[in-house]
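**Student:** Sequence plus the predicted model coming up.
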2 protein chains.
Amino acid sequence: MTGSRVEQKERTRRAILDAALTLSQESALVALSLRQVAKEVGIVPTAFYRHFPSIDDLGLALVEESLDSLRSLLRELRQTAGSDFASIIDGSVDVLVHQVRTHHAHYLFIARERFAGPAPVREAINAGIGTAERELAIDLAHLPGTDQWSEKDLHVLSSLIVDSMVSTAERLITAGPGSPAEQRIAAAARTQLRMMVIGAMQWRSSD
Amino acid sequence: MTGSRVEQKERTRRAILDAALTLSQESALVALSLRQVAKEVGIVPTAFYRHFPSIDDLGLALVEESLDSLRSLLRELRQTAGSDFASIIDGSVDVLVHQVRTHHAHYLFIARERFAGPAPVREAINAGIGTAERELAIDLAHLPGTDQWSEKDLHVLSSLIVDSMVSTAERLITAGPGSPAEQRIAAAARTQLRMMVIGAMQWRSSD
DNA sequence: AGTTTCGGTGTACGACCGTACACCCAAATC
DNA sequence: GATTTGGGTGTACGGTCGTACACCGAAACT
C-alpha cells in the first residue's frame, strides 16, 4: 500500500463514502448502519469514527457530493448554447440524460433522500433545487420576449421548467441508464419543454 | 370495550395502521419497526402477527390506503366543472390544496415512499400516478382543440400536468397545511397550469 | 353445556446495532 | 534514534430488533 498517512486516510474516507453510496442505493440512508459500511469497506466498526463523528455526518457529506453533481449539471446546462429554442432544448435534454447516466448513483440518492432523508439532508437538497430555480429565472430574464415579465412570473415559469426536469430525471433514474425507455423519456421531455416555451411566449400577450 | 370479536379485531387493525402512518411521518417506512408500532398501539409485539404477516405487508396496506386518497382526489378533480379554462384551473387547484390538507399524512407518505420505499411500494405508487396520467389524457382528448392530437402528444401533455400537480402537492406537504406559503404555492400552481394550457392550445398550429 | 376459535400475553433466543475502552504499530516529528 | 501521533484493531456492554413457542380467557359455535 503506497502513500503517506494523509493519502491513506483520504483513500479510506473515499472508500467509506463510496461504500455508503453503494449501500444506500438499495434501501435508504436511514436504513444504513455504521457496521454495514465498515464491513463493506473492510475496516472494523470503531475505525469509522476516525473519519466521521456519526452516520448522519456521513449522510451530509454524501449530500454535498451529490449536490456537486447537480451543480455541475447546472453549469453544463448554462453552457448549452444554441441558435434557436429548439436546439437549446435538444441540447439541454441531452445534457440531462448524459448526466443522469454518468452520475446515476448521485441522482438516485437525491431523488430518494429529497423527501425520505433526515431533515438536514432534505433541506440541503431543496436548497439546491431552489438555487437552480433562481438561477434559471435569471437566465430566462435575459431571453427575448420576457422583457416586461414580473419577477414572480419569471420564477413561476422557472420552477415549472425545473420541476419538469426533476420529474424527467427521476423517470430516467427508475428507467435505468441505457434502457429502451430512456429515449422515450427524452423525447417526451423535449416535447414538454417545447410546450412550456410556447406557453410562456404567449403569456404576456394573453394575460 | 364494546363490540363483537370481528369488530374488535378491525379496531385493532385500524389502530395499527394509524400508528404506523403516524410513526412513518417522522423518518420512513424502512425505519419502522414492528416493536415500535406495537408499543404505540399498546399491544405486545407478537400480537402484531394476528393482523399482518410482516411489516412489509403493513406497508403495502398503507400504500393502498394512501392511493385511495389519491383516487378520491382524481375523482373530485374530474367533477370539477367550469365554464372556461380559468375556472376549471382555479377549481382544480382548490381541490388539490384541500385534499393535501385533509389527507396530509397520506400524501406525505406517498411523497416519501415513491422513491425511498420498498420496491413493491414504489411500484404501486408509480402505477397510481401512471393511471392518473392515462385518465387525464382521456379527459384531455374530449376537450376542444385537441381533435387531431396524436395519442403520444396527449400523454406527454398529460404527464406534464400531472408532474406539475405532483410537484405542487409535494411543495404543499413540506409547506405544511394552513401555512402562509400555501397561498403562494397555490397561486404559482394556477399560473403554471395557465401557461401549460396556453402552450398546449398553440401546440398543433405551431408544430 | 361443552368445545373450539382466536386475539392478546409473556418469556426467551440469537442477530445486529452504536459505541466505550484499552491496545498496537508504522508514519511523522523532534 | 527517541518520542509522539493517529489510523486501525479486538473485546465488551447494553439496547433493540424479529420471531418462535407455550399459554390464557372470552367470544363463537355446536
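**Tutor:** Everything's here; your move. Values in this document were obtained by computation on a predicted structure and should not be read as measured data. Numbers count the residues shown, from 1 in each chain, chains lettered A, B, ... in the order given.
**Student:** which parts of chain A sit against DNA strand D?
**Tutor:** Applying C-beta under 7 Å from any atom of the strand, we find that chain A lies next to DNA strand D at A:5, A:8, A:9, A:12, A:43, A:44, A:45, A:46, A:47, A:50, A:51. Placement of C-beta: from N, CA and C, glycine included.
**Student:** buried subset of those?
**Tutor:** A:12, A:43, A:51 (16 or more other C-beta atoms under 10 Å in any protein chain shown).
**Student:** Quick check: the second one touching residue A:12?
**Tutor:** When you say that, I think you mean residue A:43. Yes: using C-beta atoms under 8 Å, residue A:43 makes contact with residue A:12 at a distance of 7.0 Å.
**Student:** Domain-wise, how is chain A divided?
**Tutor:** A:1-52, A:55-206 (automatic domain parsing).
**Student:** which of those is buried the deepest?
**Tutor:** Among the domains of chain A, domain A:55-206 has the highest mean neighbour count (mean count of other C-beta atoms under 10 Å in any protein chain shown), at a mean of 18.
**Student:** Any residues of chain A in contact with chain B? List them.
**Tutor:** Residues of chain A lying close to chain B by C-beta under 8 Å from any C-beta of the partner chain are A:27-28, A:30-31, A:111-117, A:122, A:126, A:153, A:155-157, A:159-160, A:163-164, A:166-167, A:170, A:174, A:188, A:191-192, A:195-200, A:202-203, A:206.
**Student:** Now do the contacts for residue A:115.
**Tutor:** Contact partners of residue A:115, counting by C-beta atoms under 8 Å, 6 or more residues apart in numbering or on different chains, are A:122, B:111, B:112, B:114, B:115, B:116, B:170, B:174.
**Student:** The spatially most central residue of chain A: which element?
**Tutor:** Ranked by distance to the mean C-alpha position of chain A (C-alpha atoms, centre = their mean), the top residue is residue A:70 at 3.9 Å. Using DSSP states H and E, residue A:70 maps to helix A:55-78.
**Student:** who's in contact with that helix?
**Tutor:** A:16-17, A:20-21, A:24, A:29, A:32-34, A:37, A:52, A:92, A:95-96, A:99, A:103, A:106-107, A:109-110, A:113, A:117-118, A:120-121, A:124-125, A:128, A:132, A:135, A:139.
**Student:** let's see it at 7 Å
**Tutor:** A:16-17, A:20-21, A:29, A:32, A:34, A:52, A:92, A:95, A:99, A:103, A:106-107, A:109-110, A:118, A:120-121, A:124-125, A:128, A:132, A:135, A:139 (C-beta atoms under 7 Å, 6 or more residues apart in numbering or on different chains).
**Student:** thinking again about what came up before, in helices, which of the residues of chain A next to DNA strand D fall?
**Tutor:** A:5, A:8, A:9, A:12 (DSSP state H).
**Student:** any idea how far residue A:111 is from residue A:100?
**Tutor:** 10 Å (C-beta to C-beta, to the nearest Å).
**Student:** Who are the contact partners of residue A:17?
**Tutor:** A:61, A:62, A:65.
**Student:** try residue A:193
**Tutor:** With the criterion set at C-beta under 7 Å, 6+ apart, residue A:193 makes contact with A:89, A:164.
**Student:** can you pull the pLDDT of it?
**Tutor:** Looking at residue A:193, its pLDDT is 97.
**Student:** what's the helix or strand for it?
**Tutor:** Following DSSP H and E, one finds residue A:193 within helix A:180-201.
**Student:** Residue A:163: which element?
**Tutor:** Residue A:163 belongs to helix A:151-175, assigned by DSSP H and E.
**Student:** State the phi and psi torsions of the residue of chain A found nearest DNA strand C.
**Tutor:** Closest contact between chain A and DNA strand C, by C-beta to the nearest atom of the strand, is at residue A:4 (3.0 Å). Note on residue A:4: its backbone torsions stand at phi -70, psi -180 [degrees, to the nearest 10].
**Student:** How about the residues of chain A by DNA strand C?
**Tutor:** Applying C-beta under 7 Å from any atom of the strand, we find that chain A lies next to DNA strand C at A:4, A:5, A:6, A:33, A:34, A:35, A:36, A:45, A:46, A:48, A:54, A:55.
**Student:** same thing but 6 Å
**Tutor:** Neighbours of DNA strand C within chain A, by C-beta under 6 Å from any atom of the strand: A:4, A:5, A:33, A:34, A:35, A:36, A:45, A:46, A:54, A:55.
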